[in-house]
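Trainee: curious how this folds, go ahead:
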Amino acid sequence: MFMYRTGLAVCIAAVYPVLAVADEVVEIVAQRQPYRSLSATGATRTETDLKDLPQSARVLTADMLNDAGVNRFADALDMGSGISRQSNFGGVWDSYAVRGFTGDPNYGSDFLVNGFSSSRGYNGLRDSADIGSIEILKGPASALYGRGEPGGIINIITRKPLFQPAYTIEQSLASHHTWRSAVDLTGPLSESVAYRLNAAYEKGDSFRDTLSSRRHMVSPSLIWRLSDRTTLSYELEAFEQQAYFDRGVVAVKGVLGLIPNSRFLGERADGPMKVRSTGHQLFVQHDFNENWSLQSGFSYRDSSMMGFSTEASTLQADGRTLWRQRRYRDFSAQDWSGRIEVLGKVGAHHMLAGVDGYRFVDDRLQLRKSPNAAAPYAIDIYAPVYGGVQPVTLGPSINTREQQWQTAFYAQDQIDLGAQWKALFGVRRDAYRQTISNYNRGGLRNHQALETTSPRLGMVYQPDRQLTLYASVGKSFRPNSGIGINNESFPAESSRAYETGAKYDTADGKASGTLALYSIRKKNVLTLNPLDTNFSLAAGEVGSKGVELDVAGEIAPKSQLSFSYAYTDARVLRDNVLAVGGALANVPKQSANLMLVRTVGKATLGGGLNYVGERNGDVAISSTFRLPAYTTARLVSSYSPTPKLRLSLDIDNLFDKVYYPSSYQQTWVAPGEDRRITLKVQYKL
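Mentor: Here you go, the predicted model:
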């Protein structure tokens with residue numbers, strides 16, 4: 001049968017151990033959990049066993065992330081199949097593609113936090129300090145969440161308050177004079193209220209010449225048991241990032257490696273780009289009885305990005321003189337969203353119905369000065385001299401306000417069809433409005449509205465307790481934000497996805513694997529316009545088909561494995577601008593990730609490999625520029641002399657491989673970091 005508890009209810013259950021009387025001594029013994037997770041909440045908004053989901057789903061557990069020494073959201077996603085890094089907008093935010101689909105290039109890639117969209121706006125590089133686990137949910141999610149990518153969606157589950165005191169402090173030192181401090185504090189404030197505080201501060205230099213960065217985040221949270229049946233919880237997340245805008249290195253006439261990966265081609269005098277994001281989440285859950293409950297939530301996020309940048313424009317015929325463009329950006333956004341839903345069980349039916357909506361406001365001001373023969377603002381890529389005269393007068397290129405409103409109704413039914421069969425039906429109806437005011441054209445307004453229905457259907461067959469076969473089909477949509485070069489709004493993306501696969505659990509339940517095959521077609525994909533990178537264009541129709549394999553768990557006593565492999569064929573199918581048949585940028589056909597960790601007494605020792613195949617490195621018309629394949633290795637180790645103290649030593653890019661994880665064009669290629677050594681101390685008070 002489907003396990004039927006809501007995601008919020010799971011969090012609540014986790015923080016309500018029985019309170020001991022005052023004179024009772026309670027001993028808490030921590031145990032390592034297997035890399036295999038039993039359930040995911042984001043896929044259906046109910047805690048459903050992974051094997052009962054008619055889709056591929058992977059959960060990156062807390063122990064897995066800790067063993068891997070993950071401090072960055074993007075590093076964690078490398079462990080999932082079919083996820084490829086995309087151009088990260090000068091290092092400002094996380095950008096990735098799931099099954100070849102990236103999303104809106106005007107913002108970072110889509111992700112949820114506790115089931116709420118948290119990627120609209122300007123939110124920087126996501127820190128891991130408050131991440132409890134990460135759910136990688138493949139396939140279209142529009143039947144539940146509305147606008148989204150057909151390849152899949154990422155749901156971050158944050159760390160929740162506990163009613164048992166636990167205090168952890170963490171200090172790490174890493175290459176390039178980088179240091180990081182973090183705390184994780186939780187415990188009761190009363191018999192009915194508990195708190196948690198996660199915070200981190202990081203500062204350091206970079207493998208890129210002359211650059212440095214600083215970022216910090218604070219995330220307090222509370223949970224309050226109003227009664228035996230009603231619970232309220234609140235989370236705040238405040239983040240600030242100061243880092244130099246960095247478009248990377250250039251490929252000279254299509255050839256990479258002629259300048260070192262450390263070479264910075266911007267100007268330190270620009271100062272850092274400042275990104276700030278503050279998010280609030282409020283949840284209320286009420287259980288009417290054992291079978292019926294109501295849950296509601298509200299989210300508000302305010303974000304901004306501001307600063308100057310010097311960016312590569314054109315490499316001249318001599319192959320060494322790089323003309324550059326200077327830009328100033330002042331972007332800000334506000335995102336309000338809320339939902340209320342009822343969950344119930346009647347016989348074999350596990351039902352959910354709800355309404356939700358959001359309002360999003362995005363203000364963008366961008367000034368720029370493009371180079372010309374009289375004022376090339378140039379740099380010699382082989383012998384750079386910084387500190388030249390910078391363009392002072394910048395002209396307006398973008399000055400817009402975009403507003404989005406969306407309301408929706410959705411319903412879902414998970415049905416037990418006997419002992420071996422299960423079905424999932426879902427449908428969602430969205431109404432969406434968008435208004436864009438272009439102040440560069442006297443406040444000229446552009447309006448559009450749409451209504452769309454997103455259905456979802458899945459079947460599960462379990463011939464025995466270990467094997468699961470499944471199939472699913474779903475539709476999704478995404479309204480495109482922004483305006484084109486001619487002040488036109490963009491049509492919404494629409495897509496259809498098919499998936500089938502098999503899941504297998506070992507007899508002892510300590511390991512599991514999923515094999516998935518899929519086919520997706522998507523229309524009106526938005527990409528940056530290669531004729532003018534200040535604007536975007538809809539790239540016609542694209543498609544992706546592939547095979548994925550994910551395996552995780554304890555494969556031998558005290559030996560944990562995480563393995564993923566993906567074959568992804570993502571191409572342009574129909575377009576008037578991009579080359580038909582061309583591969584989508586930064587999406588490798590072959591990719592794989594492996595991590596193996598063994599516990600020996602008080603120590604752990606392990607390692608990993610990450611392989612990314614050759615891929616298209618340019619979105620421009622008929623480009624033949626390719627990013628080379630690469631394999632990086634990592635070493636992870638830890639030693640715990642006492643139950644309270646953990647020492648770890650991790651080495652990323654163990655063999656100091658030169659590689660390029662992503663690019664946008666030949667003058668904007670992101671270089672991979674060199675060997676990085678991190679020493680960390682964790683202490684539980």
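Trainee: what's the neighbour count on Gly581?
Mentor: A count of nearby residues for Gly581, using other CB atoms under 10 Å, gives 9. From N, CA and C alone the C-beta is placed, and that goes for glycine too.
Trainee: torsion angles phi and psi at it?
Mentor: The phi and psi values for Gly581, taken as degrees, to the nearest 10, are phi 90, psi -10.
Trainee: can you tell me the helix or strand for the nearest residue to it once chain neighbours are set aside?
Mentor: Distance criterion CB to CB, 6 or more residues apart in numbering; nearest residue to Gly581, sequence neighbours excluded, is Arg571 at 5.9 Å. Element membership for Arg571, per DSSP states H and E: strand 559-574.
Trainee: what's the answer for Phe360, then?
Mentor: strand 349-369.
Trainee: what mean pLDDT does that strand have?
Mentor: Throughout strand 349-369, pLDDT has a mean value of 96.
Trainee: repeat that for stretch 647-658.
Mentor: Averaging pLDDT along stretch 647-658 yields 97.
Trainee: ok, and for that stretch, which residues are buried?
Mentor: Of the residues in stretch 647-658, 648, 650-654 count as buried by neighbour count, 16 or more other CB atoms under 10 Å.
Trainee: distance of the residue positioned nearest the centre of the chain from Gln285?
Mentor: The centre of the chain sits closest to Phe111, judged by CA atoms, centre = their mean, with a distance of 4.9 Å. Applying CB to CB, to the nearest Å, the value for Phe111 to Gln285 is 23 Å.
Trainee: report the two of the buried residues of stretch 647-658 separated the most.
Mentor: Greatest spacing in the buried residues of stretch 647-658, by CB to CB: Ser648 and Asn653 (17.0 Å).
Trainee: just to revisit the earlier point, now, which of the buried residues of stretch 647-658 lie within strands?
Mentor: Counting by DSSP state E, the buried residues of stretch 647-658 place 648, 650-652 in strands.
Trainee: wait, Arg85 sits on Phe73?
Mentor: No: using CB atoms under 8 Å as the test, Arg85 is too far from Phe73 to be in contact (11.7 Å).
Trainee: what's the nearest residue to Asp650 if we skip its chain neighbours?
Mentor: Distances taken as CB to CB, 6+ apart put Gly69 closest to Asp650, at 3.9 Å, once the chain neighbours are dropped.
Trainee: am I right that that neighbour falls within a helix?
Mentor: No: using DSSP: H, G, I helix; E, B strand; the rest coil, the secondary structure at Gly69 is coil, not a helix.
Trainee: and it, how far from Ser128?
Mentor: 10 Å.
Trainee: strands of the stretch 201-350 of the chain, start to end?
Mentor: Taking DSSP state E, counting those that start in this stretch as the criterion, the stretch 201-350 of the chain carries its strands at 212-225, 230-243, 273-287, 292-315, 321-346, 349-369.
Trainee: and of the ones you listed, who's closest to Thr632?
Mentor: strand 212-225 (21.3 Å).
Trainee: can you give me the buried ones in that closest one?
Mentor: 212-213, 215-221, 223-225.
Trainee: kindly report the same for stretch 282-289.
Mentor: For stretch 282-289, the neighbour count (16+ other CB under 10 Å) marks 283-285, 287 as buried.
Trainee: now do it, average pLDDT.
Mentor: Across stretch 282-289, the average pLDDT comes to 96.
Trainee: now Asp464: how far from Lys503?
Mentor: Taking CB to CB, one finds Asp464 at 12 Å from Lys503.
Trainee: cool, and Gln434?
Mentor: On the measure of CB to CB, Gln434 and Lys503 end up 40 Å apart.
Trainee: cool, and Leu685?
Mentor: From Leu685 over to Lys503 the distance is 41 Å, taken as CB to CB.
Trainee: the more surrounded of these two?
Mentor: Lys503 (24 against 10).
Trainee: quick one, what contacts that one?
Mentor: 50-51, 467-468, 470, 512-515 (CB atoms under 8 Å, 6 or more residues apart in numbering).
Trainee: is it true that Tyr659 touches Thr632?
Mentor: Yes: counting by CB under 8 Å, Tyr659 touches Thr632, with 6.5 Å between them.
Trainee: overlap of the contact sets of these two?
Mentor: In contact with both Tyr659 and Thr632: Gly672, using CB under 8 Å, 6+ apart.
Trainee: for this structure, which spans come out with low pLDDT?
Mentor: Along the chain, the parts satisfying pLDDT under 70 run over 1-45, 105-106, 482, 528, 530, 533-534, 539, 576-579, 620-622.
Trainee: go again using 80 as the cut-off
Mentor: Low-confidence segments of the chain, defined by pLDDT under 80: 1-47, 103-108, 147, 480-489, 525-540, 574-580, 619-623.
Trainee: what's the closest of the strands of the stretch 201-350 of the chain to Ala375?
Mentor: strand 349-369 (7.8 Å).
Trainee: what lines up beside whatever helix or strand comes next after that closest one in the sheet?
Mentor: Downstream of strand 349-369, the first helix or strand assigned by DSSP H and E is strand 378-380. With DSSP bridges as the test, strand 378-380 is paired with strand 321-346 (antiparallel).
Trainee: now the angle from the partner strand to strand 349-369?
Mentor: Strand 321-346 and strand 349-369 are oriented at 160 degrees to each other (axes from the mean of the first three to the mean of the last three CA atoms, to 10 degrees).
Trainee: pull out the buried residues from strand 321-346.
Mentor: Neighbour-count burial for strand 321-346, counted by 16+ other CB under 10 Å, picks out 322-329, 331-339, 341, 343-345.
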